[in-house]
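Peer 1: no FASTA, just this:
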């Protein structure tokens, strides 16, 4: 009987742990439209975890310096917060270095001592042919003093990135593709300037995740615009007063992309 009782307790604990792990959904998604990468690439990734009530964010912060899927080194956590739309969703944005061309499809970490699974889909990584002369991949062995110098430079760069605030790091990443950044800002600047009717404001709201990351500062006025638009966007028709209130809140952020 004692053996049977112990067996039942163990089985109950195992099922509870499994159920907890299964109840936490995860998402690993590069913020850029990336389907093919090279070893040595620097990318920004957004991860989501849900549903988690009263989340302990420090446990997610500990994922920094961890290798995900045996291929992505989490070099720097950029933001870690609960979702503005759902308090049970944790959103983590991070800077990753692609370190291997052979990713594994599953990554498992522990939250409150229970395993949480994360899956990788649709990302291919190209292996570099001349790694010693072109790139340094984190877990490669070093041959020659010139590679030691490269290693030192990379470590210094990572340390500097950890010291800078989010904005400085974001500008560094954006600076890697200045032409694309200028085009994106110009596109949304024109869209903001021309917006005048309901359809324009709804399109801008739908694309908010794309243009918000281009802003140097997200002002309270942006949140006010989202709040007011949310009050009316599901109405079948807008009255003149509704449209005027939305337009007034939007006029404050209309020149968001001016230098």
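Peer 2: Good, I have the coordinates. Being a predicted model, the structure only gives us computed values, none of them experimental.

Peer 1: from here on, contacts and neighbour counts on C-alpha atoms
Peer 2: OK.

Peer 1: how about residue 239, what does it touch?
Peer 2: If you count contacts by CA atoms under 8 Å, 6 or more residues apart in numbering, residue 239 has none.

Peer 1: Distance of it relative to residue 126?
Peer 2: Counting by CA to CA, to the nearest Å, the separation of residue 239 from residue 126 is 54 Å.

Peer 1: next one: residue 198
Peer 2: 45 Å.

Peer 1: what's around residue 155, how many residues?
Peer 2: 12 (other CA atoms under 10 Å).

Peer 1: ok, back up a step: so residue 198 and residue 126 - more neighbours on which side?
Peer 2: For residue 198 versus residue 126, neighbours defined as other CA under 10 Å are more numerous around residue 198 (17 against 14).

Peer 1: Please report the number of neighbouring residues for the spatially closest residue to that one that is not a sequence neighbour.
Peer 2: Using CA to CA, 6 or more residues apart in numbering and skipping the chain neighbours, the partner closest in space to residue 198 is residue 243 (7.0 Å). Each residue near residue 243 was counted by other CA under 10 Å, and the total is 17.

Peer 1: just checking, residue 243 touches residue 199?
Peer 2: No. With contact defined as CA atoms under 8 Å, residue 243 does not count as touching residue 199 (10.8 Å).

Peer 1: Tell me which helix or strand the residue positioned nearest the centre of the chain sits in.
Peer 2: Residue closest to the average C-alpha location in the chain (CA atoms, centre = their mean): residue 46, at 1.8 Å. For residue 46, the element it lies in under DSSP states H and E is strand 42-50.

Peer 1: Moving C-terminal from that strand, which element do we reach first?
Peer 2: Assigned by DSSP H and E, the successor of strand 42-50 is helix 57-61.

Peer 1: other SSEs contacting that next one?
Peer 2: strand 72-82 (3 or more CA pairs under 8 Å, 6 or more residues apart in numbering; DSSP states H and E).

Peer 1: The strand it packs on pairs with which strands?
Peer 2: strand 67-68 (antiparallel), strand 90-98 (antiparallel) (DSSP bridges).

Peer 1: Centre of the chain to it, how far?
Peer 2: 7 Å (CA atoms, centre = their mean, to the nearest Å).

Peer 1: and the angle from it to strand 42-50?
Peer 2: Relative orientation of strand 72-82 and strand 42-50, computed by axes from the mean of the first three to the mean of the last three CA atoms, to 10 degrees: 50 degrees.

Peer 1: Thanks a lot, catch you later.
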